[in-house]
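[1] 3D model of this:
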Amino acid sequence: MDILAIIATTLMAIVSPAGAVVDTLAEDALRDQIASAEELYVRIDNVPNYQILSGRIEHAQVAARGLYARQLPDLRVDAIDLETDAVDVDFAALQRGELKLDEPAQAALRLRLKASDLNTFLASPIIQDWLDTLSFSLPGSGAERERSRYGLANPSLEFLDGDRLRINVDLNDQVMAETLEITVELGLDIVNGHRFALNNPRIEIDGEEAPPQLITSLAEGASEELTLRRLEDFGLTARILAFDVRNNQLDLAVFARLEPDSPFLQRQPDPAPQPDSEAVPSPR
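    Next comes the predicted model:
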């Protein structure tokens, strides 16, 4: 769920005007919080306007298309539409370039992700590094050492009708030096707004139906892992209000609440530039 945390907290961070008192300055501050955006619109409503000097923002709207977060530069978010409730920030801290909340911040957002963008992200090093941390054993293996025998690689995703997904991934057997093609087709149900439950999952391994015990193991493991409750330990409460798969894209409506002491408010520094002597020219 670390990836979900990065996405959610990046979206929450962009509501701060970073000391701005007009929409144009707020948009400039927003651009400093993200890697890039193809389109960006910001509107901040304050009545009376002088309240912003005390750090209170009555209402903020953010719309972005083709957004890339600093923490996930390989993930393109096709569309984001975000609206906040009243937000109280530490104005003096903002003037120093720091983002601090005096009170919890709440926002409702709509998020659209395209399958093509997600597949680009799935091919990125950050996903493969995460897959490399996973350890598991197949049914019947028994021995603990079997948990490091298998690895996953080359994931891809396809959105299907009926709010269903098809996931393809290679299962590498490190002992036998073999690779098996895994296809998982499933639906996703939202339980209590925070947990994804697998609906009628089907698994094929090299074109053969997987045994029922493997499907049961997958469903139980996913139910434990795919919950937004994990984010609450980091001061972020998120609930999914709507979930829709259509036209090879995913649309989400989410409510989020960020606590003032959340570690996600600490902005990550920009990567240090490489010395010229270490730069490697791109092949032509």
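[2] so how far is stretch 250-269 off the chain centroid?
    Distance of stretch 250-269 from the chain centroid (C-alpha atoms, centre = their mean, to the nearest Å) equals 10 Å.
[3] next one: stretch 38-45
    Relative to the chain's own centre, stretch 38-45 is displaced by 21 Å; criterion: C-alpha atoms, centre = their mean.
[4] How about stretch 124-134?
    15 Å.
[5] Buried residues in that stretch, which are they?
    The neighbour-count check on stretch 124-134 (16 or more other C-beta atoms under 10 Å) flags Ile126, Ile127 as buried. Backbone N, C-alpha and C define where each C-beta goes, glycine included.
[6] before we move on, what about stretch 189-206?
    Ile190, His194, Arg195, Phe196, Ala197, Leu198, Pro201, Ile203, Ile205.
[7] go on, stretch 164-183?
    For stretch 164-183, by 16+ other C-beta under 10 Å, it's Arg164, Leu165, Asn168, Val169, Leu171, Asn172, Ile182, Thr183.
[8] Bridge partners for the fourth one, pull those for me.
    Bridge pairing for Val169 (DSSP bridges) gives the partners Ile182.
[9] quick one: it from Asp74, how far?
    Distance, Val169 to Asp74, by C-beta to C-beta, to the nearest Å: 18 Å.
[10] Surely Gln61 and Arg43 touch.
    Yes: Gln61 is within contact range of Arg43, at 4.5 Å (criterion: C-beta atoms under 8 Å).
[11] Of the buried residues of stretch 164-183, which is the nearest to Leu122?
    Closest approach to Leu122 among the buried residues of stretch 164-183 (C-beta to C-beta): Val169, at 9.1 Å.
[12] Now do the helices in the stretch 101-250 of the chain.
    Applying DSSP state H, counting those that start in this stretch to the stretch 101-250 of the chain gives helices spanning 115-122, 125-133, 212-225.
[13] Out of these, which one sits most buried?
    With neighbours taken as mean count of other C-beta atoms under 10 Å, those reach their highest mean count in helix 115-122, at a mean of 17.
[14] what is the orientation angle of it with helix 125-133?
    Orientation check (axes from the mean of the first three to the mean of the last three C-alpha atoms, to 10 degrees): helix 115-122 against helix 125-133 gives 60 degrees.
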